[in-house]
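Student: When you get a sec, could you give me coordinates for this:
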Amino acid sequence: MDRWTGARHGLAKTYGQADLIVLGIGVMIGSGIFSLAGRQAATMAGPGVVLSFMIAGITSLLVAFCIAELSSAMPASGSAYTFTYVIFGEVWAWIVGWALVMELLLAAAVVARVWSLYAAQMLADLGVPIPGPLSGVIGQAEGFDLFTLFILVLLTGVVALGARIGLRALWIIVIAKLLAVGAVIVVGAAHFDQRNLAAIPVPSAPVETAADTLHSPLLGMVFGQTTAFGWFGIFAASATITFAYIGFDVVATAAEEAEDAPRSIPRGIIRSLVATTVIYIAVAVVMVGMTSYDRIDPGAPLASAFRRTGNGFMVHVINIGAVLGLTTVVLVLLVGLTRVIFSMARDGLFPRPLAKINRAYHSPTRATLVIGGVAILLAEFVPVLTLEPLVVIGTLCVFVAAAAGVMRMRRTMPDLPRGFRTPLSPYVPVASILASLWLMVNLQVVTWLYFAAWMAFGVLVYLLYGRRNSVLAGGRPPADPAFESRGRHRR
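Tutor: As a prediction, this is how the structure comes out:
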């Protein structure tokens, strides 16, 4: 019987300590390491993008301490949703869970679409022709895309078949992509010119047209400052760059499948985040050190920089590394989202059939297939690449809830056993909240409007369904969710 869920949930103990670190690295290091730094350097922060990565990384680390303590005290697969449920109650848990669903679902759709773009570019650079009839449905930024469909169907199937199969694939791909990233750092460092980093910060430049108001940072609109570059640009870039760190909290969703979760989950979260931050900063330094920020091609920053230095062969390494990196990101996002939906369904906030475990694979197969289907529809029929900042604001909302949860838990449950304690509490949680809010107000106005619409829709769903069917409302408690009857019990 599970202490926090009251359920004999049947999730197999799959993840060891090293597996959790690989899980975190697998979800964080994707194409952003090759493209996001260059795009923000060229358009918003200049060489100060290195500082932007540091700011985003430090903010994420502060929050990671909070999530590590919560996950060690409440090792359940719902992550921030479960923490909020126990500490603040069902209504706030729904709000956080709804934001978490948006974060993970939209991130999976965005990354799958970007995977298609990189896969198509990789084939083109390798001289592999795409048949004429397929050229209009492969590597497309919008509209139906065959590669996007392929990767989501493939990885949904992998996740549905159980964590062990996905874990083996994850290890292989993470090692391969780290080798690609290492090659980028080593080759790029040979062409490093410290003069390219001299202009930090770059002098501010005004946004040219008033039509960009909705796409200006909220803070800039409030104070009448709509500039790029300078310190304002560095902080604005750090808000967008937070997208590159999204996923370390997904490690907490593996709590019910981890060995010695109260200790292994916090270590997995913090160690994977620290390793990722170091790698990101190294790549950012190499990129802005190879070429002046005003010569960076926002569409292909690292590739153009390597071509300019006479290392065109690195384009293939970048493309392969990006495809591998994005594969693990989608894989882990689907795993994490499945566990969140599973937990919310177990509490009656989503239909309870989504909380059933497949007896053969010890995995919530129904939830996985439903989530995979929704992700496919979203990626194929919504221009998700324009909604990337929504993932960031959803993540930062979850960060605020986690930090607030630590402070309240310290007061209301001081004797609760935990394998990790946030250092310098309450200062670290307070700093986490302030830093997250600061990054949020540096996001675009239109992002806030979309986020408000999503949360309003979530409140409506809760009032019409969740509140009436939840366990707290007298629904059937999930003390022993039924296994799927198919297949034989397998460990």
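
Student: doesn't residue 27 make contact with residue 325?
Tutor: No - at 10.0 Å, residue 325 and residue 27 do not qualify as touching, with contact defined as C-beta atoms under 8 Å. Yep, even glycine has a C-beta here, placed from its N, CA and C like the rest.

Student: Next, count neighbours for the spatially closest residue to residue 94 that is not a sequence neighbour.
Tutor: Nearest residue to residue 94, sequence neighbours excluded (C-beta to C-beta, 6 or more residues apart in numbering): residue 462, at 4.9 Å. By other C-beta atoms under 10 Å, the residues close to residue 462 number 19.

Student: what do you get for the one 5 residues further on?
Tutor: Residue 467 sits with 16 neighbouring residues when counted by other C-beta under 10 Å.

Student: how much space between it and residue 458?
Tutor: Computed with C-beta to C-beta, to the nearest Å, the distance linking residue 467 and residue 458 is 12 Å.

Student: what's near enough to touch the residue nearest to residue 94?
Tutor: Residues near residue 462 by C-beta atoms under 8 Å, 6 or more residues apart in numbering: 91, 94, 98, 349.

Student: among the residues you listed, who's most crowded?
Tutor: residue 349 (28 neighbours).

Student: any idea how far residue 25 lies from residue 420?
Tutor: In terms of C-beta to C-beta, residue 25 sits 19 Å off from residue 420.

Student: Please identify which of those two sits among more neighbours.
Tutor: Neighbours per residue (other C-beta under 10 Å) separate residue 25 from residue 420, with residue 25 holding more: 26 against 20.

Student: Local confidence estimate at the more buried one?
Tutor: At residue 25, the model reports a pLDDT of 91.

Student: list the buried ones in the helix or strand hosting it?
Tutor: Assigned by DSSP states H and E, residue 25 belongs to helix 17-28. Using 16 or more other C-beta atoms under 10 Å as the test for burial, helix 17-28 gives 17, 19-28.

Student: where do the strands sit along the protein?
Tutor: Ranges of strands within the chain are 205-206, 227-228, 357-358, 483-484, based on DSSP state E.

Student: count of neighbours near the residue nearest to residue 410 when sequence neighbours are not counted?
Tutor: Leaving out its chain neighbours, the residue that sits closest to residue 410 by C-beta to C-beta, 6+ apart is residue 425, at 6.2 Å. Residues lying near residue 425 (other C-beta under 10 Å) number 17.

Student: I'd say residue 425 and residue 405 touch.
Tutor: No - using C-beta under 8 Å, residue 425 makes no contact with residue 405, being 11.7 Å away.

Student: Low-confidence stretches in this structure?
Tutor: Along the chain, segments meeting pLDDT under 70 span 1-12, 31-32, 162-165, 202-227, 361, 474-491.

Student: Give the full set of residues in contact with residue 296.
Tutor: Counting by C-beta under 8 Å, 6+ apart, residue 296 makes contact with 38, 41-42, 287-288, 304-305.

Student: out of the residues you listed, who's nearest residue 151?
Tutor: The closest of those to residue 151 turns out to be residue 38 (C-beta to C-beta; 23.5 Å).

Student: if you skip the residues just before and after it, what's nearest to the closest one?
Tutor: Per C-beta to C-beta, 6+ apart, closest to residue 38 is residue 301, 2.0 Å.

Student: And residue 308, by the same measure?
Tutor: residue 291 (5.8 Å).

Student: Now do the helix holding residue 25: which elements does it pack against?
Tutor: Secondary-structure packing of helix 17-28 (3 or more C-beta pairs under 8 Å, 6 or more residues apart in numbering; DSSP states H and E): helix 163-189, helix 261-290, helix 314-346.

Student: The shortest one vs helix 314-346, what angle?
Tutor: Helix 163-189 and helix 314-346 meet at an angle of 150 degrees, taking axes from the mean of the first three to the mean of the last three C-alpha atoms, to 10 degrees as the criterion.

Student: try the second one
Tutor: Inter-element angle recorded for helix 261-290 and helix 314-346: 150 degrees (by the same axes, to 10 degrees).

Student: List the buried residues of helix 261-290.
Tutor: So helix 261-290, judged by 16+ other C-beta under 10 Å, has buried residues 261-277, 279-290.

Student: returning to that earlier point: surely the residue nearest to residue 308 touches residue 311?
Tutor: No - taking contacts as C-beta under 8 Å, residue 291 lies outside contact range of residue 311: 11.9 Å.

Student: Compare the two (neighbour count), which wins?
Tutor: Taking neighbours as other C-beta under 10 Å, residue 291 and residue 311 compare with residue 291 leading, 23 against 17.

Student: From residue 340, how far off is the closest residue to residue 466 other than its chain neighbours?
Tutor: Leaving aside its chain neighbours, residue 466 sits nearest to residue 349 (4.2 Å; criterion: C-beta to C-beta, 6+ apart). Noted for residue 349: a distance of 11 Å to residue 340, by C-beta to C-beta.

Student: do residue 347 as well
Tutor: As for residue 347, its distance to residue 340 is 11 Å (criterion: C-beta to C-beta).

Student: cool, and residue 294?
Tutor: Look at residue 294 and residue 340: by C-beta to C-beta, they are 42 Å apart.

Student: More neighbours: which of the two?
Tutor: Higher neighbour count among residue 294 and residue 340: residue 340, with 27 against 10, using other C-beta under 10 Å.

Student: Quick check: the more buried one touching residue 102?
Tutor: No - at 10.8 Å, residue 340 and residue 102 do not qualify as touching, with contact defined as C-beta under 8 Å.

Student: Surely residue 324 is in contact with residue 179?
Tutor: No - the pair residue 324 / residue 179 is not scored as a contact, 9.3 Å apart, by C-beta under 8 Å.

Student: Show me which of these two is the more surrounded one.
Tutor: Using other C-beta under 10 Å as the criterion, residue 324 and residue 179 rank with residue 324 on top: 25 against 13.

Student: residues in contact with that one?
Tutor: Contacts of residue 324 (C-beta under 8 Å, 6+ apart): 173, 176-177, 180.

Student: Can you tell me how far the nearest residue to it once chain neighbours are set aside is from residue 54?
Tutor: Closest residue to residue 324 apart from its sequence neighbours, by C-beta to C-beta, 6+ apart: residue 177 at 4.0 Å. Using C-beta to C-beta, one gets 23 Å for the distance from residue 177 to residue 54.
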